[in-house]
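Trainee: sequence plus predicted model, see below.
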Amino acid sequence: MRLGYATGYWGKGPPPGALEAILEAERLGFESVWTAEAYGSDAFTPLAWWGSQTATVRLGTGIAQMSARTPAATAMAAMTLDHLSGGRVILGLGVSGPQVVEGWYGQPYPKPLARTREYFAIVRDILARSGPVTAPGPHYPLPYTGVDATGLGKPLRSTVHPLRADLPIYLAAEGPKNVALAAEIADGWLPFLFSPKANADAAAQLEAGFRLRDPARSAREGFEVAVQIPVVPHADVEAAADVIRPLVALYVGGMGAREANFHRNVIDRLGYAAECDRIQELYLAGHTSEAIAAVPTRLVEEIALVGPPEKIRDDLAAWEESVVTTLLVQGDVHALRAVAELLG
């Protein structure tokens with residue numbers, strides 16, 4: 001089981017202690033460090049800033065939202081950072097949800113699977129640099145051919161020679177079809193709110209995607225499943241779970257519309273539909289404290305590692321037997337050290 005460190009989203013500003021934790025993760029032998037973006041800080045800038053103070057850890061966007069940048073802009077950012085870091089970038093991409101895509105980026109949210117397939121194809125063509133890049137669309141036509149086009153658009157090839165034409169690209173996915181798409185077109189899958197309880201379904205979805213994979217690309221060899229997992233070592237399980245409950249309540253109750261919340265759907269599929277109804281109702285009514293309190297401890301224990309070290313050690317066994325290949329630890333320096341010791 002490989003280890004990475006996920007810095008998470010920024011709140012009002014940079015997360016306190018992030019650089020200290022990143023440097024400690026590298027010292028402990030963690031393989032990668034990941035940043036995130038929603039509708040505040042971006043993923044690439046912190047990765048470049050903090051990554052410049054490291055030497056060995058791989059630098060992952062977990063995730064860069066596709067609607068935030070055109071495929072060409074994303075490829076440019078990834079190529080640039082890959083050169084500057086000496087070939088350490090992992091490009092994690094995801095579609096986000098309609099609230100953010102339409103409300104923050106002002107972009108439409110049609111056919112996310114088809115858009116993802118187009119996006120990946122263009123980024124890979126740019127990285128391959130085998131010729132001027134063209135794409136038929138309909139979501140990302142190159143050159144642009146809309147009714148307001150000048151007609152002067154010209155197919156172009158990157159002036160920069162990518163350090164790695166095979167720079168790894170992972171797909172963040174939660175729904176079954178999107179998980180299968182990750183196995184078909186990506187180099188790795190970034191699950192969210194994953195539980196080993198869902199391992200059989202996840203394995204079947206990945207297998208469906210592998211069967212459709214381009215024969216020119218390897219299938220299972222080297223395919224990564226890197227999951228963000230909150231870790232809270234604490235003598236009291238309930239006290240540790242209390243640290244995670246606000247995160248679960250936010251994603252179930254507030255990160256998505258009532259009728260379109262992909263994060264909540266993941267928890268529903270774990271068998272917590274009734275609990276999710278209660279959490280969402282409370283959260284959307286403005287009763288945040290009650291929504292947080294309604295998050296069951298057993299749910300926290302499924303998607304996080306909480307409690308005394310010996311309990312965490314026992315709980316890790318299920319993760320090691322799952323499709324997960326890399327644990328991206330979310331937590332402070334103490335959490336990083338605890339997991340490193342337990343898996344060392």
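Mentor: The structure has been received and is ready for your questions.

Trainee: just for the chain, where's the confidence low?
Mentor: Scanning the chain for pLDDT under 70 picks out 218-219, 257.

Trainee: please enumerate the helices of the stretch 101-250 of the chain.
Mentor: Ranges of helices within the stretch 101-250 of the chain are 112-128, 176-185, 199-210, 237-253, based on DSSP state H, counting those that start in this stretch.

Trainee: to Pro155, which of those helices lies closest?
Mentor: Set against Pro155 and scored by C-beta to C-beta, the helices of the stretch 101-250 of the chain come closest in helix 112-128, at 10.5 Å. (Glycine included, C-beta is placed from N, CA and C.)

Trainee: let me know whether Ser41 touches Tyr9 as I believe.
Mentor: Yes: the criterion here is C-beta atoms under 8 Å, and Ser41 meets it with Tyr9 at 7.3 Å.

Trainee: which helices and strands sit right next to the longest strand seen in the chain?
Mentor: If you go by DSSP state E, the chain has its longest strand at strand 224-233. Packing partners of strand 224-233 (3 or more C-beta pairs under 8 Å, 6 or more residues apart in numbering; DSSP states H and E): strand 2-6, strand 188-190, helix 237-253, strand 305-307, helix 309-320, strand 326-330, helix 333-343.

Trainee: about what we covered before: of all the helices of the stretch 101-250 of the chain, which one is nearest Glu20?
Mentor: Short answer: helix 237-253, nearest of the helices of the stretch 101-250 of the chain by C-beta to C-beta, at 18.8 Å.

Trainee: Asp125: what's it in contact with?
Mentor: 133, 135 (C-beta atoms under 8 Å, 6 or more residues apart in numbering).

Trainee: hang on, the earlier thing: who has more neighbours out of Ser41 and Tyr9?
Mentor: Neighbour count, other C-beta atoms under 10 Å: between Ser41 and Tyr9, Ser41 has more, with 18 against 14.

Trainee: where's the more buried one relative to Pro98, distance?
Mentor: Ser41 is 21 Å from Pro98, where distance means C-beta to C-beta, to the nearest Å.

Trainee: ok, then the element right after the helix or strand where Glu26 lies?
Mentor: Here Glu26 is covered by helix 18-27, with elements defined by DSSP states H and E. Downstream of helix 18-27, the first helix or strand assigned by DSSP H and E is strand 32-35.

Trainee: the next helix or strand along the chain from that following strand vs helix 18-27, what angle?
Mentor: Where DSSP H and E defines the elements, the next helix or strand beyond strand 32-35 is helix 44-51. Counting by axes from the mean of the first three to the mean of the last three C-alpha atoms, to 10 degrees, helix 44-51 lies at 60 degrees to helix 18-27.

Trainee: kindly format the C-alpha coordinates of helix 44-51 as CSV.
Mentor: The C-alpha trace of helix 44-51 is given here as CSV (Å, rounded to 0.1, in the frame of the first residue of the first chain):
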residue,chain,number,x,y,z
PHE,A,44,-1.9,24.2,-9.4
THR,A,45,-0.5,27.2,-7.6
PRO,A,46,-0.1,25.6,-4.1
LEU,A,47,1.3,22.5,-5.7
ALA,A,48,4.0,24.5,-7.5
TRP,A,49,4.8,26.6,-4.4
TRP,A,50,4.9,23.8,-1.9
GLY,A,51,6.3,21.3,-4.4
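
Trainee: listing partners with orientation, what would you give for the helix or strand just after that helix?
Mentor: Downstream of helix 44-51, the next assigned helix or strand under DSSP H and E is strand 58-61. Paired neighbours of strand 58-61 in the sheet (DSSP bridges): strand 32-35 (parallel), strand 89-94 (parallel).

Trainee: now tabulate the ones you listed in JSON lines and tack on mean neighbour count and distance to Pro112.
Mentor: Below are these laid out as JSON lines (neighbours: other C-beta atoms under 10 Å; distance: least, C-beta to C-beta, whole Å):
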{"stretch": "strand 32-35", "mean neighbour count": "27", "distance to Pro112": "22"}
{"stretch": "strand 89-94", "mean neighbour count": "26", "distance to Pro112": "10"}
